[in-house]
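Novice: Build me a model:
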Amino acid sequence: CFGGIYMDGTPMKNISITGCSFDGVPRGIGIHSQVLGSYHDTVDISENTFSNTLKEAILLLGFKNCTINNNEIVDCGAGITVQSISNNRDYVLTKVFEGTKDYDGEIEYDFNTEIKGNSISIKNRGKALEQAAIYVYGANLTVDKKSYRPSNGSLWGFIPKNNYYISNVRVEENDITTSGWGIYFSDAQNCIAKNNNIVGKNFPAKKVYNGIYVATYSSIDEISGNVITSMQGNGISVSSLSTVKGPIENNVVTKAAYCAIKLDNVKNSLTICNNTFATKSKTNNAVNIDTGKNNKNRITLSGNKISGVSGSKASGVFVGSGTCTIKKNKIEKVNVGIQVVKKNSSYKQSGNTYKTVKKKTKVE
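Specialist: Modelled structure (predicted):
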């Protein structure tokens, strides 16, 4: 990172940081650069207090087998970020000893990290990598990227193209108040978001953030038991090129400014059951499903309570594309209960109940 410091690629191992206080620093615990293929191992960050950091309270770049538990993070620029590779490629090194030797460490994907029981509140300061309470980041490099010598910025090699995804990060039982993203997965595999409490508050103008966001080639194992309220984007959002293996169950999403749940491109069969989905928008659908008109994998939506607001012009369930079974849901306070774009979709429905709904079903 700094001129005159010749990195040799030796990782840190067996580190414990507990009972410490961090106040007003740029970051609490962090790292500026990584040697690709060298991983810091077995780090415990627990029972600490972080206040008023300009950027992330905790940023772990290339760390595996970690526990980040029971920390208190108050009014920080961002909360906890874990990365398989830096999103600033200038901090990714492929050589050691000032470029005289290639580092030949093996790329790893299983980061085996637990983020649990933390209390996190973040405040918009505009300096963090992502304004997120919890950010789990990998990256798919489709072309080789330039790698630079830290001391003088000259080119010394390339970061090979590869999918540097991050896997096996468990985000559980965190209490989050956020002015940005709640939990953000980017190119993350085999991760879970379970039993977290996420409240949106004090968002910057004209910014849209989701409570749980699954993005950029991610494939998440489970989203369950989360309580999400007052997000000014979607409560739960799965973006194009990502998926959730499932289930999505027992979540409570309320007061979403956009959709309570929005699926853009789920390419596997998925069950969404026993959730409460409520939007405060008069124009956005409470449940919005678009999985591709040629997708034969079935989305099953069952046993959910789905609601809008009085005067809503939107639908309780909107199927823009995909194959769906919609059964035994309670749908209320929307213009249309179930709306389906038939040319792009196939669907079955049964046992749904409606209250304060102008039209139960609309097929167009």
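Novice: where does this structure have low pLDDT?
Specialist: Along the chain, segments meeting pLDDT under 70 span 1-5.
Novice: Give me the most central residue, it.
Specialist: The C-alpha lying nearest the average C-alpha coordinate of the chain belongs to Y184 (C-alpha atoms, centre = their mean; 1.9 Å).
Novice: tell me the SS of it?
Specialist: Following DSSP: H, G, I helix; E, B strand; the rest coil, Y184 is assigned to strand.
Novice: May I have the beta-bridge partners of it?
Specialist: Note on Y184: beta-bridge partners by DSSP bridges are Y135, Y213.
Novice: Quickly note the distance from it to T323.
Specialist: Plainly put, Y184 is 28 Å away from T323 if you go by C-beta to C-beta, to the nearest Å. Quick note: C-beta positions are derived from backbone N, CA and C, even for glycine.
Novice: about what we covered before: which residues sit in contact with the residue nearest to the centre of the chain?
Specialist: The contact partners of Y184, taken as C-beta atoms under 8 Å, 6 or more residues apart in numbering, are E130, A132, I134, Y135, V136, N210, Y213, A215.
Novice: For C20, state which of these is nearest.
Specialist: Nearest to C20 out of those is I134 (C-beta to C-beta; 19.9 Å).
Novice: so the closest one touches I73, yeah?
Specialist: No - with contact defined as C-beta atoms under 8 Å, I134 does not reach I73; the gap is 10.0 Å.
Novice: what residues are shared contacts of the two?
Specialist: In contact with both I134 and I73: G79, I80, I120, using C-beta under 8 Å, 6+ apart.
Novice: Name whatever forms a beta bridge with I338.
Specialist: Applying DSSP bridges, one finds that I338 bridges with V317, T361.
Novice: correction: S167
Specialist: D110, Q189.
Novice: distance of the nearest residue to W181 once chain neighbours are set aside from F185?
Specialist: Counting by C-beta to C-beta, 6 or more residues apart in numbering, W181 lies nearest to A132, which is 3.8 Å off, once chain neighbours are set aside. Distance of A132 to F185, given as C-beta to C-beta: 10 Å.
Novice: Between the two, which is the more surrounded one?
Specialist: F185 (32 against 26; other C-beta atoms under 10 Å).
Novice: Contact partners for that one?
Specialist: So F185 contacts V136, C191, A193, Y213, V214, A215, S218, I220, S242 (C-beta under 8 Å, 6+ apart).
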